[in-house]
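K.L.:
I would like the atomic coordinates for the input below:
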Amino acid sequence: MNYKILLTKLAILSLLILGLSAILFTVEQLPITIVPFFPFIVLYFFLLSSFQFYRIGKFRNENVRTFHTKYTMWFGIKLFVNLAVVVIFVLFDKSMAKDFLIYFLALYVVYTIFDTYHLAKMVKK
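P.N.:
Numbers count the residues shown, from 1 in each chain. Got it, this is the predicted structure:
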């Protein structure tokens, strides 16, 4: 799949998330805390997924063994970076830690599903 098409789909997903969250944050009946860092979490996952598609696109044409090794390495790095972001935020702002973790994990699941679906299609080709 073309990298520009993936970026476009990723941007649409991010904009949909931001739009839906803006609507949900304005509904007063929902027990959702409005947090100033939410758009930055979306931006973080957008940039991380964009970089992931770029890197994997570079080495997907290599032999299967090399691809699996590099993909596993990238997955480990990505998990470590995500964990580091969570730990750093929680250490610096314990008052917002619960809200941050909820939003971060929800977006992690959404972007992981998106990434997995498109990476599977990319590898099949």
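K.L.:
CA atoms for contacts and neighbours, from now on please.
P.N.:
OK.
K.L.:
And residue 54, how far from residue 2?
P.N.:
From residue 54 across to residue 2, the span is 10 Å (C-alpha to C-alpha, to the nearest Å).
K.L.:
Residue 87 too?
P.N.:
From residue 87 to residue 2 the distance is 35 Å (C-alpha to C-alpha).
K.L.:
okay, these two: which has more neighbours?
P.N.:
residue 87 (13 against 9; other C-alpha atoms under 10 Å).
K.L.:
Give the rounded mean pLDDT of the helix or strand hosting residue 67.
P.N.:
Secondary structure from DSSP states H and E places residue 67 in helix 64-92. Mean per-residue pLDDT for helix 64-92: 88.
K.L.:
how close does the residue most central in space within the chain sit to residue 58?
P.N.:
Nearest to the geometric centre of the chain sits residue 45, at 3.1 Å (C-alpha atoms, centre = their mean). For residue 45, the distance to residue 58 (C-alpha to C-alpha) stands at 20 Å.
K.L.:
Likewise for residue 15?
P.N.:
To residue 58, residue 15 is 26 Å away according to C-alpha to C-alpha.
K.L.:
out of the two, which sits in the busier spot?
P.N.:
Taking neighbours as other C-alpha under 10 Å, residue 15 and residue 58 compare with residue 15 leading, 15 against 11.
K.L.:
Could I get the pLDDT score of the more buried one?
P.N.:
Reading off the model, residue 15 has pLDDT 95.
K.L.:
what does residue 103 give?
P.N.:
pLDDT for residue 103: 89.
K.L.:
So what's the gap between stretch 118-125 and the chain middle?
P.N.:
The chain centre lies 18 Å from the centre of stretch 118-125; the measure is C-alpha atoms, centre = their mean, to the nearest Å.
K.L.:
then that stretch to PDB, C-alphas only?
P.N.:
The C-alpha trace of stretch 118-125 is given here as PDB (Å, rounded to 0.1, in the frame of the first residue of the first chain):
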ATOM      1  CA  HIS A 118      -3.000  -2.100   7.500                       C
ATOM      2  CA  LEU A 119       0.400  -3.800   8.300                       C
ATOM      3  CA  ALA A 120      -1.200  -7.200   7.600                       C
ATOM      4  CA  LYS A 121      -2.500  -5.800   4.200                       C
ATOM      5  CA  MET A 122       1.000  -4.300   3.500                       C
ATOM      6  CA  VAL A 123       2.800  -7.600   4.200                       C
ATOM      7  CA  LYS A 124       0.400  -9.700   2.100                       C
ATOM      8  CA  LYS A 125       1.400  -7.800  -1.000                       C
END
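K.L.:
All set now, cheers.
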